[in-house]
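Novice: sequence and predicted structure below; questions after.
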Amino acid sequence: MILKLAWKNVWRNRRRTFITISAIAFAVLFAAGMRSMRAGLEERMLESIVKDNIGYIQIQGKDFWDDQILENGFYPEDVPVEKLLELKEILGLEKKLESGTLSSTGMSSRGTFILSYDQSEAAPEKIVNNITAGNLPETGKQEIVLGEELASYLEAEIGDTVVFLGQGFQGATAAGLYLLSGTIDMHIPELNKMVAYMPMSDLQEYISAPNLITSLMVEVKNPDDVDKTKKEIQKIVGDDYRVMTWSEMNPELKQLIDSSSAEGIIMNIILYMILTFVMFGTILMATQERKYELGVLMAIGMKRRKSMVMVAIENVIISIIGALVGIMMVAPIAYYFHYNPIVLQGESAELYENFGFDPVIPFSINPEIAIDHATVIVVISMVLMLYPFLVIRRLKPVDAMKL
Amino acid sequence: MSVIKTIDLTKVYKQGDYEIHALDGVSVEIENGEFTAVVGPSGSGKTTLLNAIGGLDEPTSGSVFVNNEDITQLKGNQLIDFRMKHIGFVFQAYNLIPVLTAKENVGFVMLLQGTPEAERDARTTELLEAVGLGDIMKKRPNQMSGGQQQRVAVARALAPKPAYILADEPTANLDSKSTENLLDIMARLNKEEGITFIFSTHDQRVIDRARRVITMEDGKIISDERRGE
Ligand SMILES: Nc1ncnc2c1ncn2[C@@H]1O[C@H](COP(=O)(O)OP(=O)(O)OP(=O)(O)O)[C@@H](O)[C@H]1O
Ligand SMILES: [Mg+2]
């Protein structure tokens, strides 16, 4: 009965209900929309910089991070891989071997960073998908792919020969001629200027260190739990190895993401403050306007508690409708910009490029974002309900009904 | 048998430095089945008296007995319950809950009391027919005239079978035809069902219909006159 009455009350001042619902809906739209954008950016940063490159967690030889020389690498056989894979949090391990060298063609030369992939596994999607011309190198054929910009700097065309010259394992000289089989765009401009890819066994041969790797990249189930997972891994692999999380390997990125979320939080607080005032305004008006009626209800026998429940239900109905409308509005927008990311222009584009990734912002479609913001708003409306509660508590029918 | 008995009722409002004695030692008894008008100039204390005997407002001193129970001793929810069970109210205006239909408004108090639906339905229909509104049961207050609204209010006040009905200037916002109509209904319910009515008014035509007229001035009863039929 109270529920029915509340429901009817909600629709009685349609215009005000509509205004309140819109205010809430737009706040959800705004807050969740902004958050989706930021989260999308973060997801993208994590995806392109962390997941596809350094990994969320790496297992390295204990001195490798401070002194990135091949001599600080290790052999995968020495690591209790089976035991690691038993951890629920670990989805997989990927061997990594990387080495610096000098690449050159007849025209010019440049310091180059050779990355490798484990050719015994299927070639990683991130490499296959990022090939912009030509093909992946075939194992044992002395083939490589180069970052797009590196290739054009060296003026190397597909089919051309590139000379690699550098230091191999334990003082050996590393030298080799390689055929350019393709170019790759890593979506990180810095990397495109200096990266080369080859199958792992070819690289091991080039540096004269069969089986050597520089790190094991750990694929984790839940990126938010890396700190805990790191400890578990460290326990298994022991002191000869150093386990590092992405934020330890790339503190700048961590900082960028943190400051971006801090900025987002401040904006949301401001937004919520405005919304709180708007909502308080309507609740204040609605309560004042209905004092007389609440007085009548009380005079004829409605207890205060019931009136409070009624007003509470009205509020919850309005804020939930508003929140749902907001979620419904933000969903298609987030979906659209997830698949058609905003492409930045000019200065801001440069900023992102300097930071090492493409200036596009895909929105996140994580449904938790909209739901979280909707929840915050419903909670705000609950808190604001204290006002009508207070009014009802103090209400005296005689005073309320003075004409 | 007296339904209402007040003993030396006073109500003092402090306004800055001086006091207003809205009720100044009012002792009055109202018998079962009376049809009583409380009259007097504006500010004489009519509303204050009705509020006190309706348990809507606390007197400064004195007691109000309703069916031999001193309602000035009741607190909070007890008082709300008491009002719901024993007293029917008709206010000057805006009596009804705007979002409910005539029928729902009449049934509201019974609903609060937990009366079963079948019984509620029968009684609301009966009551609305009794006040001559059998045909507008589904209308909302804003679709009714002021007179119709007041009749619905009377029906609502009657619904829980109260000991008496208090009406503070029930006709103040009505035209003369609606006033007549409402009075006819109240008089009939009083005569046929023996329901006790106490109402305040300024309207001479309403005063003429009362069978007892209590006149107030400056918070005191200055005359109390019973008339025959
Ligand atoms: N809440 C209040 N605060 C201060 N004074 C009040 C209050 N309510 C009533 N009064 C005073 O008490 C006196 C009696 O008021 P009351 O409303 O009972 O008069 P009334 O006879 O009903 O008048 P009316 O015919 O105008 O309705 C008046 O002088 C009024 O100003
Ligand atoms: Mg009055």
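Specialist: Arrived safely. Numbers count the residues shown, from 1 in each chain, chains lettered A, B, ... in the order given. Ligands and ions are numbered 1, 2, ... in the order given.

Novice: and stretch B:149-158, how far out from the chain middle?
Specialist: 10 Å (C-alpha atoms, centre = their mean, to the nearest Å).

Novice: may I have it exported as PDB, CA atoms only?
Specialist: Taking C-alpha atoms only, stretch B:149-158 is exported to PDB below (Å, rounded to 0.1, in the frame of the first residue of the first chain):
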ATOM      1  CA  GLN B 149     -13.900  17.000  -1.900                       C
ATOM      2  CA  GLN B 150     -15.400  18.000   1.400                       C
ATOM      3  CA  ARG B 151     -18.000  15.300   1.100                       C
ATOM      4  CA  VAL B 152     -15.300  12.700   0.400                       C
ATOM      5  CA  ALA B 153     -13.500  14.000   3.500                       C
ATOM      6  CA  VAL B 154     -16.600  13.500   5.500                       C
ATOM      7  CA  ALA B 155     -16.800   9.900   4.200                       C
ATOM      8  CA  ARG B 156     -13.200   9.300   5.000                       C
ATOM      9  CA  ALA B 157     -13.600  10.700   8.500                       C
ATOM     10  CA  LEU B 158     -16.600   8.300   9.000                       C
END
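
Novice: do that stretch and chain A meet at all?
Specialist: Yes. For stretch B:149-158 and chain A, the contact criterion (C-beta under 8 Å from any C-beta of the partner chain) is met by B:156, B:157. Any C-beta I mention is one placed from the backbone N, CA and C, and that applies to glycine too.

Novice: now what about that stretch, what contacts it?
Specialist: If you take C-beta atoms under 8 Å, 6 or more residues apart in numbering or on different chains as the criterion, stretch B:149-158 is touched by A:300, B:88-91, B:95-96, B:102, B:105-106, B:108-109, B:124, B:127-128, B:130-133, B:141, B:144, B:165, B:167, B:170-171, B:173-174, B:178, B:181-182, B:185-186, B:189, B:195.

Novice: which among the residues you listed end up buried?
Specialist: A:300, B:88-91, B:95-96, B:102, B:105-106, B:108-109, B:124, B:127-128, B:130-131, B:133, B:141, B:144, B:165, B:167, B:170-171, B:173-174, B:178, B:181-182, B:185-186, B:189, B:195 (16 or more other C-beta atoms under 10 Å in any protein chain shown).

Novice: by proximity to ligand 1, which residue of the stretch 201-350 of chain A wins?
Specialist: Of all residues in the stretch 201-350 of chain A, residue A:295 sits closest to ligand 1, at 13.4 Å by C-beta to the nearest ligand atom.

Novice: okay, now the closest residue to that residue other than its chain neighbours: neighbour count?
Specialist: Nearest-residue entry for residue A:295: residue A:400, 2.8 Å, with adjacent residues in sequence omitted and distances by C-beta to C-beta, 6 or more residues apart in numbering or on different chains. Residue A:400 is flanked by 20 other residues according to other C-beta atoms under 10 Å in any protein chain shown.

Novice: and residue B:74, by the same measure?
Specialist: Close neighbours of residue B:74, defined as other C-beta under 10 Å, add up to 18.

Novice: please apply the same query to residue A:273.
Specialist: Burial of residue A:273, expressed as a neighbour count using other C-beta under 10 Å, amounts to 11.

Novice: and whichever strand or helix holds it, average pLDDT?
Specialist: Taking DSSP states H and E as the definition, one finds residue A:273 inside helix A:251-289. For helix A:251-289, the per-residue pLDDT values average out at 86.

Novice: list the buried residues for it?
Specialist: Taking 16+ other C-beta under 10 Å as the criterion, helix A:251-289 shows A:253, A:256-257, A:260, A:264, A:268, A:271-272, A:275-276, A:278-279, A:282-283, A:286-287 as buried.

Novice: same check, this time on stretch A:91-104
Specialist: In stretch A:91-104, the ones that count as buried by 16+ other C-beta under 10 Å are A:93, A:94, A:95, A:96, A:97, A:98, A:99, A:101, A:103, A:104.

Novice: if we can go back for a sec, the residue of the stretch 201-350 of chain A closest to ligand 1 in helix, strand or coil?
Specialist: Assigned with DSSP: H, G, I helix; E, B strand; the rest coil, residue A:295 falls in the helix class.

Novice: any regions of chain B where pLDDT drops low?
Specialist: Confidence mapping of chain B against pLDDT under 70 gives the ranges B:1, B:228-229.

Novice: now the residue in chain A positioned nearest to ligand 1: how far from residue B:55?
Specialist: Taking C-beta to the nearest ligand atom as the measure, the point where chain A comes nearest ligand 1 is residue A:399, at 6.8 Å. For residue A:399, the distance to residue B:55 (C-beta to C-beta, to the nearest Å) stands at 15 Å.

Novice: could you find the closest non-adjacent residue to the residue of chain A closest to ligand 1?
Specialist: With C-beta to C-beta, 6+ apart, the residue lying closest to residue A:399 is residue A:295, at 7.5 Å.

Novice: so who does that neighbour touch?
Specialist: Residues touching residue A:295, when contacts are defined by C-beta under 8 Å, 6+ apart, comprise A:395, A:396, A:397, A:398, A:399, A:400, A:401.

Novice: now what about the host helix or strand of residue A:392, what contacts it?
Specialist: When elements are defined using DSSP H and E, residue A:392 is found to belong to helix A:386-394. Contact partners of helix A:386-394, identified using C-beta under 8 Å, 6+ apart, comprise A:280, A:283-284, A:286-287, A:291, A:294, A:304, A:307-308, A:311-312, A:315.

Novice: more crowded one of residue A:399 and residue B:55?
Specialist: Between residue A:399 and residue B:55, residue B:55 has the larger neighbour count (other C-beta under 10 Å), namely 22 against 12.

Novice: so what does the more buried one have for phi and psi?
Specialist: As for residue B:55, its main-chain torsions (degrees, to the nearest 10) stand at phi 70, psi 20.

Novice: the closest residue to it other than its chain neighbours: what's it in contact with?
Specialist: Closest residue in space to residue B:55, ignoring its immediate chain neighbours: residue B:71 at 4.8 Å, by C-beta to C-beta, 6+ apart. Contacts here follow C-beta under 8 Å, 6+ apart; on that basis residue B:71 touches B:55, B:64, B:65, B:79, B:82.

Novice: look up how far residue B:62 lies from the residue nearest to the third one when sequence neighbours are not counted.
Specialist: Spatial nearest neighbour of residue B:65, excluding adjacent residues (C-beta to C-beta, 6+ apart): residue B:5 at 4.4 Å. Distance of residue B:5 to residue B:62, given as C-beta to C-beta: 11 Å.

Novice: one more: residue A:245?
Specialist: In terms of C-beta to C-beta, residue A:245 sits 79 Å off from residue B:62.

Novice: contacts for stretch A:109-126?
Specialist: Residues from elsewhere that reach stretch A:109-126 (C-beta under 8 Å, 6+ apart): A:52, A:94-104, A:127, A:136, A:139, A:144, A:146, A:150, A:153-154, A:163-164, A:191, A:193-204, A:206.

Novice: so which of residue A:245 and residue B:62 has more stuff around it?
Specialist: residue A:245 (21 against 17).

Novice: sorry, back to before: surely the residue nearest to residue B:65 meets residue B:29?
Specialist: Yes. Counting by C-beta atoms under 8 Å, residue B:5 does reach residue B:29; the two are 4.8 Å apart.

Novice: select the longest helix from chain B.
Specialist: Longest helix of chain B, by residue count under DSSP state H: helix B:176-193.

Novice: I'd like the next helix or strand past that helix.
Specialist: Defined by DSSP H and E, the subsequent element after helix B:176-193 is strand B:196-200.

Novice: does the helix or strand just after that following strand come close to ligand 1?
Specialist: Stepping forward along the backbone from strand B:196-200, the first helix or strand reached (DSSP H and E) is helix B:204-209. No. Using C-beta under 6 Å from any ligand atom, no contact is recorded between helix B:204-209 and ligand 1, whose separation bottoms out at 13.0 Å.
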